[in-house]
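# Quick check, what structure comes out for this input:
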Amino acid sequence: MLKVRGLHAGYGQSQVLFDVGFDVGAGEVVTLLGRNGMGKTTTISSLMGIVSPTAGTIEFAGQAIAGLPSYRIAQRGLGLVPEGRQVFPNLTVRENLVATAANRSGTSKPWDLAAILAMFPRLGERIDNPAALLSGGEQQMMVIGRALMTNPHLLILDEATEGLAPLIRSEIWACLARLKAAGQSILVVDKNVAALSRIADRHYILEKGRVAWSGNSAALMADTTLSRRYLGV
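This next block holds a predicted model:
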C-alpha cells in the first residue's frame with residue numbers, strides 16, 4: 001500500500017532524513033521507532049506533504065505522492081493523527097468530528113459519528129462541548145475519531161499516547177487492536193515498545209535520520225540490545 005524509497009528531507013539547509021525506506025502493506029500495523037529528534041515526525045510530515053522531500057520516492061496505492069499538496073494526499077486516503085493533537089479548540093466535539101468527514105475508502109460501512117461514539121463513549125458525553133474544554137485524553141480520542149471519519153486507507157498516528165494517563169493509553173491501544181482486526185492499515189509512531197509489539201507486524205528504528213534496524217515483533221523483543229542502543233534515553 002505504501003512504499004517509501006531513498007527518502008531525503010529536511011528544513012532549509014538542515015537535512016534530517018537520509019535514504020529512508022520502508023513499506024506498509026494492506027492490513028498491516030507498522031511502527032517507526034527511535035529517540036526524539038531521529039526523524040520520525042519529519043518522515044510523517046514528508047508522507048503528508050507538510051515537508052517537501054529533496055530526493056526519493058513515496059508511492060501510495062501504486063501512485064507517486066511525493067511533493068503533492070497535503071490536501072491532495074489526504075484525498076488519496078491517508079488520515080493523520082498529528083503529534084500534539086491540533087484540535088479546533090472553539091469547535092464542539094461534534095463539529096471537530098464532522099468537519100472533514102468523507103468516505104474516502106468507499107466502504108459500505110463507513111466510519112460515521114455513531115460509530116466513533118460507540119468506540120469512544122465518553123465523547124458522546126461531551127458531544128456539544130468545545131474541544132478546548134476536553135481533557136488531553138478526550139482530545140486524543142476525538143482526534144483519532146476525526147481521522148477515522150475520513151475513512152482512510154492508511155491511518156497514521158504520530159505519538160498518539162504521549163503524555164496520557166495509563167488508563168487512556170490502554171484505551172487507545174485497545175482501539176488500535178480493534179482497527180487492526182478489522183483490516184485497517186496503520187503506521188504508528190510511539191515510544192511504548194511493549195504495547196506496540198503486541199499489535200504491530202513490523203518495526204523500523206530510525207537513528208539520526210536513517211533506518212538503523214527493521215524486523216518483526218518477535219525479533220524486536222528478542223534482541224535486548226536494541227532498546228539500549230536505539231530507544232533508551
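# in this structure, what spans have low per-residue confidence?
233 (pLDDT under 70).
# So which residues of it form helices?
40-47, 70-76, 93-98, 113-119, 121-125, 136-148, 166-181, 193-199, 217-222, 225-226 (DSSP state H).
# in this structure, which residue is closest to the centre?
L157 (1.7 Å; Cα atoms, centre = their mean).
# Quick one: residues contacting I44.
Contact partners of I44, counting by Cβ atoms under 8 Å, 6 or more residues apart in numbering, are 32, 80, 83, 156, 158, 187, 189. Glycine gets a C-beta too; all of them are placed from N, C-alpha and C.
# my read: the third one touches T41, true?
It stands for E83. Yes - using Cβ atoms under 8 Å, E83 and T41 qualify as a contacting pair, with a distance of 5.8 Å.
# ok, now how distant is the closest residue to M221 other than its chain neighbours from G27?
Setting aside the residues directly before and after it, M221 is nearest to S197 in space (Cβ to Cβ, 6 or more residues apart in numbering), at 5.4 Å. According to Cβ to Cβ, to the nearest Å, S197 and G27 sit 18 Å apart.
# and the residue nearest to M221, what is it in contact with?
Here S197 is in contact with 203, 217, 220-221 (Cβ under 8 Å, 6+ apart).
# Check the gap between I116 and K208 for me.
The gap separating I116 from K208 is 38 Å, by Cβ to Cβ.
# more neighbours, those two?
Comparing I116 with K208 by other Cβ atoms under 10 Å, the one with more neighbours is I116, at 22 against 13.
# hang on, isn't the more buried one packed against G145?
Yes - assessed by Cβ under 8 Å, I116 is found in contact with G145 at 3.9 Å.
# shared neighbours, the two?
97, 123.
# Contact partners for the nearest residue to T57 once chain neighbours are set aside?
Nearest non-adjacent residue to T57, counting by Cβ to Cβ, 6+ apart: R5, 5.0 Å away. Neighbouring residues of R5 by Cβ under 8 Å, 6+ apart: 21, 56-57.
# Just the buried subset of those, please.
G56 (16 or more other Cβ atoms under 10 Å).
# from the contacts of R5, which is closest to S45?
Comparing these against S45 with Cβ to Cβ places G56 closest, at 13.9 Å.
# quick one: contacts for the nearest residue to S52 once chain neighbours are set aside?
Distance criterion Cβ to Cβ, 6+ apart; nearest residue to S52, sequence neighbours excluded, is G67 at 5.9 Å. Residues near G67 by Cβ under 8 Å, 6+ apart: 49, 52-53.
# With L97 instead?
Residues near L97 by Cβ under 8 Å, 6+ apart: 113, 116, 123, 142, 145-146, 149.
# one more time with 7 Å
Neighbouring residues of L97 by Cβ atoms under 7 Å, 6 or more residues apart in numbering: 113, 116, 142, 145-146, 149.
# residues contacting W111?
148-149, 151.
# Can you tell me the closest non-neighbouring residue to it?
Using Cβ to Cβ, 6+ apart, the nearest residue to W111 is L148, at 4.4 Å.
# which ones are touching the one you found?
79, 111, 116.
# The closest residue to G137 other than its chain neighbours and M119: what is the separation?
Nearest residue to G137 in three dimensions, chain neighbours excluded: I168, at 3.5 Å (Cβ to Cβ, 6+ apart). I168 is 14 Å from M119, where distance means Cβ to Cβ.
# repeat for A160
Taking Cβ to Cβ, one finds A160 at 14 Å from M119.
# neighbour count winner among these two?
A160 (26 against 18).
# just to revisit the earlier point, I only care about the contacts of G67 that end up buried; give me the ChimeraX line for that.
Selection of buried members from those for ChimeraX, criterion 16+ other Cβ under 10 Å:
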select :49,53
